[in-house]
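Trainee: Please work out how this folds:
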Amino acid sequence: MIRRALGALSFLVACGPAVVSPAIDPHPPTMPAVAATPPADGRRASPSELALVKRLMVETERLRGLSFRHPVDVTIEGKATMRAYVERTIDSELLERARLRYLSLGAIAADLDVRKLLVEVMEDELVGYYDPKEKRLAVRSDIARALDDEGPRSFAWRATVVHELVHALQDQHFDLGAAVEQERSTDADNAFGALVEGDATFAMLGYSAGGGASLREIAQQPDRILAVLSRAPEQLSPALRAAPALLREPLLFRYREGARFCARLFAERGWSRVDAA
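Mentor: I've put the predicted structure just below:
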């Protein structure tokens with residue numbers, strides 16, 4: 001979910017009662033994906049693209065143990081549209097305050113254009129995103145055309161769509177959109193972001209490994225997640241590789257350490273323990 005990622009990269013600054021999901025029918029009818037009204041230079045998902053997303057929704061429900069309560073809107077967007085979306089999500093006032101704070105500590109260079117770097121990093125890394133405000137899944141157009149292809153790259157892209165569909169489930173069951181907007185300290189925001197992204201990443205690992213049985217195996221060895229998710233420097237995008245560690249590490253932390261945290265919760269009591277968190 002892009003808002004959480006930008007929160008990590010932008011250094012944006014009390015836990016409420018636990019939210020527990022209601023009992024669900026283990027075999028409910030899956031809500032279909034629907035083609036949303038696209039942004040100006042986006043387009044509606046085609047019937048074949050919607051059919052693929054629907055199949056991935058079924059997989060996501062099975063892996064995550066939650067059911068979609070209503071359809072998920074789907075749009076297909078080009079890189080320019082996604083870049084504009086990233087730019088709109090950046091709070092310029094908060095970003096400038098953070099830049100000055102970290103500049104005064106000597107943690108970033110005086111000539112670093114933080115806003116430009118944020119946009120470049122997200123643009124390089126972005127396959128798709130779920131927007132909890134608009135209740136919409138967006139998939140990058142060049143990737144949407146290749147999602148159903150054979151091969152490891154297309155499989156990895158489908159796993160990423162599963163990750164974003166978990167965010168849609170989080171929104172439908174736990175009101176993620178409202179939770180994202182809450183004011184938090186930096187540490188609390190990183191902890192919240194790690195739970196949200198770790199949940200989706202852990203489910204995505206289950207998809208990549210082949211299913212629920214694999215999730216149980218992964219949960220028994222959460223430290224192995226480090227080996228799976230720790231990417232060698234040469235595997236990072238050029239923008240992320242060039243970013244100062246102060247920007248790069250909080251972003252990677254949410255996926256890597258968040259997945260390990262959710263794996264430990266899952267090992268205790270399955271998804272109900274993650275739901276309670």
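Trainee: What is the end-to-end distance of stretch 144-160?
Mentor: Its first and final residues considered, stretch 144-160 spans 12 Å by Cα to Cα, to the nearest Å.
Trainee: ok, residues contacting that stretch?
Mentor: With contact meaning Cβ atoms under 8 Å, 6 or more residues apart in numbering, stretch 144-160 is reached by 45, 48-49, 52, 56, 76, 127-128, 139, 143, 161, 204, 207-208. Yep, even glycine has a C-beta here, placed from its N, CA and C like the rest.
Trainee: PyMOL command to pick out the buried ones of those?
Mentor: Here is the PyMOL command that selects only those of the contacts of stretch 144-160 that count as buried (16 or more other Cβ atoms under 10 Å):
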select buried, resi 45+49+52+56+76+127+128+139+143+161+204+207+208
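Trainee: which among the contacts of stretch 144-160 gets closest to D91?
Mentor: When the contacts of stretch 144-160 are ranked by distance to D91 (Cβ to Cβ), G128 comes first, at 22.5 Å.
Trainee: residues in contact with that closest one?
Mentor: Contacts here follow Cβ under 8 Å, 6+ apart; on that basis G128 touches 137-140, 143, 160-161, 164.
Trainee: In JSON lines: those residues, plus secondary structure.
Mentor: Shown next, in JSON lines, are the contacts of G128 (DSSP: H, G, I helix; E, B strand; the rest coil):
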{"residue": "L137", "secondary structure": "strand"}
{"residue": "A138", "secondary structure": "strand"}
{"residue": "V139", "secondary structure": "strand"}
{"residue": "R140", "secondary structure": "strand"}
{"residue": "I143", "secondary structure": "helix"}
{"residue": "T160", "secondary structure": "helix"}
{"residue": "V161", "secondary structure": "helix"}
{"residue": "E164", "secondary structure": "helix"}
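Trainee: Pipe the residues you listed into a markdown table and attach distance to L226 per row.
Mentor: Putting those into a markdown table (distance: Cβ to Cβ, whole Å) gives the following:
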| residue | distance to L226 |
| --- | --- |
| L137 | 29 |
| A138 | 30 |
| V139 | 29 |
| R140 | 28 |
| I143 | 27 |
| T160 | 20 |
| V161 | 24 |
| E164 | 23 |
